[in-house]
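Peer 1: any chance you can model this:
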Amino acid sequence: MRLWVCIALLSVVLCVSADRPRIFQGVVRAGQFVRDAAGGARDMYRAYKDMREANYKGADKYFHARGNYDAARRGPGGAWAAKVISDIREGWQSRVSGRGAEDTRQDQEANEWGRRGGDPNRYRPKGLPSKY
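Peer 2: The predicted structure is shown next:
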């Protein structure tokens, strides 16, 4: 009998104090950020993979904008992942590819446009298959 009384009292106490402690809420937010960042990285990879598959001249800005747009829609973690990946990619490409500062500037503009929620179709070239 005492066991059941203790269980009942414990249940009442737990129900009354059902508000999560602040530290737990922080852990949940951190977990959501990490989940968003991982999803954003997948979005960026999918856009890159589609760009390579399409192999369509002049479509790189569209895929940059689309990858950043998809990642940023996931939340702050996705936007963070998109920015980090874009900055690393552009930094590497500007040193290695030799396409020049103007191409890097335009790529970064498309990246920012997508991260701010702008429609990636602004950069979509005519004739790009509707699959993308």
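Peer 1: what is the neighbour count of residue 42?
Peer 2: By the criterion of other C-beta atoms under 10 Å, residue 42 has 16 neighbours. To be clear about C-beta, it is placed using only N, CA and C from the backbone, and glycine gets the same treatment.
Peer 1: can you tell me the helix or strand for it?
Peer 2: Secondary structure assignment for residue 42, by DSSP states H and E: helix 22-54.
Peer 1: avg pLDDT for that helix?
Peer 2: Across helix 22-54, the average pLDDT comes to 95.
Peer 1: lowest-confidence helix or strand of this structure?
Peer 2: For the chain, counting by mean pLDDT, DSSP states H and E, helix 2-16 ranks last in confidence among helices and strands (a mean of 61).
Peer 1: right, and the helix or strand after the helix or strand where residue 61 lies?
Peer 2: Assigned by DSSP H and E, residue 61 falls within helix 60-72. Going down the chain from helix 60-72, the next helix or strand is helix 76-96, by DSSP H and E.
Peer 1: one step back: distance from the chain centre to the helix holding residue 61, please.
Peer 2: Distance of helix 60-72 from the chain centroid (C-alpha atoms, centre = their mean, to the nearest Å) equals 10 Å.
Peer 1: residues in contact with that helix?
Peer 2: 39-41, 43-44, 46-48, 50-51, 54, 78-79, 81-82, 86, 106-107, 110-125, 128, 132 (C-beta atoms under 8 Å, 6 or more residues apart in numbering).
Peer 1: now it: mean pLDDT?
Peer 2: Here the average pLDDT along helix 60-72 is 98.
Peer 1: again with stretch 83-97
Peer 2: For stretch 83-97, mean pLDDT rounds to 87.
Peer 1: buried stuff in it?
Peer 2: For stretch 83-97, the neighbour count (16 or more other C-beta atoms under 10 Å) marks 83, 85-86, 89-90, 94 as buried.
Peer 1: and the two most separated of the residues you listed?
Peer 2: Greatest spatial distance among the buried residues of stretch 83-97 (C-beta to C-beta): 83 and 94, at 16.2 Å.
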